[in-house]
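In: what's the 3D shape of this:
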Amino acid sequence: MSRGMVERLDPASASFLNASGLAKASPMGLGLYRIEPVGKVGSVRTPTVQLDVRPKDRLGLSRLLFLLSYAGDQGFRPDSVAAMEDRELWSALAESLAQLAERALGRGVLQGYRTVDEALRTVKGRIRISDQISRRPGMLVPLEVSYDEFSEDIAENRILRAALERMSQVPRVRPEVLSRLRQLKGKLDAVTRLPAGAPLPPWTASRMNLRYHSVLRLAELILRNASAEAGQGKQQTAAFVVDMAQVFEDFVGTALREAMAAYPGELRLQYNALLSEAVRDADRLSVRPDAVHLLGGRPVVVYNAKYKAASDLGASLTADHYQMLAHCTALAVPTAWLVYAGSGEVKLRRILNTDIDIVEFPLDLSRPPSEILASIAELARQSWGEVPTRPLTSPAAP
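Out: So this is what the prediction gives:
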């Protein structure tokens, strides 16, 4: 769906669709609704309705998960998250989670040490003196203690159990896949259930939990981007919604920071700089490019990421170039790089009556992850090659 469509919906499904943030459903009368995209991609499902909004260029699930994973974890490798390609997103997610969970739990449930705080009548581990004094002044027992326990009830298993529960609640998952998900969750029944809306517990990748790495990355993506619950009338509903513009911006920033680490200086994301002078701080205008590379504390190159292709029908890059011109002016940088999602050739535009160049750099997301990262490395190489050797004037700090 790219430009909207008219469909017959029941009020509950229309309300859920609007609440999901994936699309806007506007009533037209006689049970008909106009459904229009709002810049997000994903899928919502109820017992009677399924709506899919796909990324442009038919970006597959594996590629989408790669972008999400890399943006969320710097240094994440392209082969760390795998997904079954399927025309239907929910089937692909459910099957992928089941396969990765079966692989992770094939040798049994992972165990590890966790810190337990308890009040006991005997000393175990160490006594928490401050808690003992504040909670039980003048009392010798019970004692407030902390100790390490070797258990299955660790962050990795809590995350995995929550993801298996989430996918088990998605309506119309194939019965055989649903059975596998429930069997896998049964292996984790001794693990504490994460409360709804609770933040995901932190975990650290190590040799000890290596077999869990892939499934945990997928599980975290499901828990952060998908919801599944009993809706009105106890009907199950599910939504997987992501903002592709934000995903693309985050991915480019993270991958570019890694690539630019090979060159002198430092790359900063979401860099703030002043655009205008003013007597009062409240009257000052500022700019915030997606990424700026600094050398000796001075900006030398600026980048913006846009999830749209220059070749898109009716698309205009004029506003983006205005923005890049403002960034160059504020930062005293002669060249800006506009990274957009799509295929095509690198194009340089010299802005009239200035010494400023804006380079349009396409990033083809339909290519394999290794080639996408190679393109980012090439962006770093080319942009570093444009860094001027003449002294630059440092822009005013915000």
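In: rounded mean pLDDT for the helix or strand harbouring Val339, please.
Out: Taking DSSP states H and E as the definition, Val339 sits inside strand 335-341. The pLDDT scores in strand 335-341 average 91.
In: now stretch 300-310
Out: For stretch 300-310, mean pLDDT is 81.
In: repeat for stretch 164-175
Out: 88.
In: identify the residues contacting that stretch?
Out: Applying Cβ atoms under 8 Å, 6 or more residues apart in numbering, the contact partners of stretch 164-175 are 45-47, 50, 90-91, 93-94, 97, 101, 178, 181-182, 184-185, 188, 193, 219, 222-223, 226-230, 235-238. For the C-beta atoms, the positions are set from N, CA and C on the backbone; glycine is no exception.
In: list the buried ones in that stretch?
Out: Neighbour counts over stretch 164-175 (16 or more other Cβ atoms under 10 Å) mark 164-171, 173 as buried.
In: what is the nearest of those residues to Leu269?
Out: Arg166 (29.9 Å; Cβ to Cβ).
In: right, and the helix or strand after the helix or strand where the closest one lies?
Out: Using DSSP H and E, Arg166 maps to helix 155-168. Later in the chain than helix 155-168, the nearest helix or strand by DSSP H and E is helix 175-186.
In: quick one: that following helix to helix 155-168, angle?
Out: Interaxial angle, helix 175-186 versus helix 155-168 (axes from the mean of the first three to the mean of the last three Cα atoms, to 10 degrees): 150 degrees.
In: how far is the very next helix or strand once past helix 175-186 from where the chain is centred?
Out: Later in the chain than helix 175-186, the nearest helix or strand by DSSP H and E is helix 213-225. Offset of helix 213-225 from its chain centre (Cα atoms, centre = their mean, to the nearest Å): 10 Å.
In: returning to that earlier point: buried residues in the strand holding Val339, which are they?
Out: 335-341.
In: which two of the buried residues of stretch 164-175 have the greatest separation?
Out: The largest separation in these, counting by Cβ to Cβ, is between Leu164 and Pro171 at 16.1 Å.
In: buried subset of the contacts of stretch 164-175 as a PyMOL selection?
Out: Burial among the contacts of stretch 164-175 is assessed by 16+ other Cβ under 10 Å; the matching PyMOL selection reads:
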select buried, resi 45+46+50+90+91+93+94+97+101+178+181+184+185+188+219+222+223+226+227+228+236+237+238
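In: just to revisit the earlier point, quick one: strands adjacent to the strand holding Val339?
Out: Using DSSP bridges, the strands paired with strand 335-341 are strand 298-306 (parallel), strand 357-363 (parallel).
In: identify all contacting residues around that strand.
Out: Under Cβ under 8 Å, 6+ apart, the answer for strand 335-341 is 56-57, 248, 252, 289, 301-310, 317, 320-321, 324-325, 327-328, 356-363, 365, 379, 383, 386.
In: what do you get if the cut-off is 6 Å, keeping everything else the same?
Out: Outside strand 335-341, the residues that touch it by Cβ atoms under 6 Å, 6 or more residues apart in numbering are 248, 252, 302-309, 320, 324, 327-328, 357-361, 363, 365, 383, 386.
In: what helices or strands is the next helix or strand along the chain from it leaning on?
Out: Downstream of strand 335-341, the next assigned helix or strand under DSSP H and E is strand 347-350. On a contact count with 3 or more Cβ pairs under 6 Å, 6 or more residues apart in numbering; DSSP states H and E, strand 347-350 meets strand 357-363.
In: centre of the chain versus the next helix or strand after the strand it packs on, how much separation?
Out: Downstream of strand 357-363, the next assigned helix or strand under DSSP H and E is helix 369-385. In terms of Cα atoms, centre = their mean, the centre of helix 369-385 is set 21 Å apart from its chain centre.
In: may I see the buried residues of helix 369-385?
Out: 369, 372-373, 375-377, 379-380, 383-384.
In: what's the lowest-pLDDT member of the residues you listed?
Out: The member of the buried residues of helix 369-385 with the lowest pLDDT is Pro369, and it reads 86.
In: for that residue, give its distance to Leu65.
Out: For Pro369, the distance to Leu65 equals 10 Å [Cβ to Cβ, to the nearest Å].
In: equivalent analysis for Val339, please.
Out: Relative to Leu65, Val339 is positioned 21 Å away (Cβ to Cβ).
In: any idea how far Val242 is from Ser276?
Out: For Val242, the distance to Ser276 (Cβ to Cβ) stands at 35 Å.
In: cool, and Thr204?
Out: From Thr204 over to Ser276 (counting by Cβ to Cβ), the distance is 45 Å.
In: between the two, which has more neighbouring residues?
Out: Using other Cβ atoms under 10 Å as the criterion, Thr204 and Ser276 rank with Ser276 on top: 11 against 8.
In: that one: what's it in contact with?
Out: So Ser276 contacts 284-285 (Cβ under 6 Å, 6+ apart).
In: that one belongs to a strand, doesn't it?
Out: No: per DSSP: H, G, I helix; E, B strand; the rest coil, Ser276 lies outside any strand segment and is coil.
In: just the pLDDT at it, thanks.
Out: pLDDT for Ser276: 73.
In: switch to numbering from 48
Out: All right, first residue 48 from here; so that's Ser323.
In: any idea how far it is from Val339?
Out: Remark: distance between Ser323 and Val339 (Cβ to Cβ) = 18 Å.
In: just Leu228 next, same as before
Out: The value you get for Leu228 to Val339, if Cβ to Cβ is used, is 45 Å.
In: burial count for Asp57?
Out: 14.
In: what about the closest residue to it other than its chain neighbours, which SS state?
Out: Leaving aside its sequence neighbours, Asp57 sits nearest to Thr95 (Cβ to Cβ, 6 or more residues apart in numbering; 6.6 Å). Classification of Thr95 by three-state DSSP places it in coil.
In: centroid-nearest residue for the protein?
Out: By Cα atoms, centre = their mean, the chain has its centre lying nearest to Leu115, at 4.3 Å.
In: pretty sure it sits against Arg271.
Out: No: the pair Leu115 and Arg271 does not pass the contact test of Cβ atoms under 6 Å, sitting 8.4 Å apart.
In: what lies in contact with stretch 417-431?
Out: Stretch 417-431 is contacted from outside by 125, 302-303, 306-307, 310, 348, 384, 408, 410, using Cβ under 6 Å, 6+ apart.
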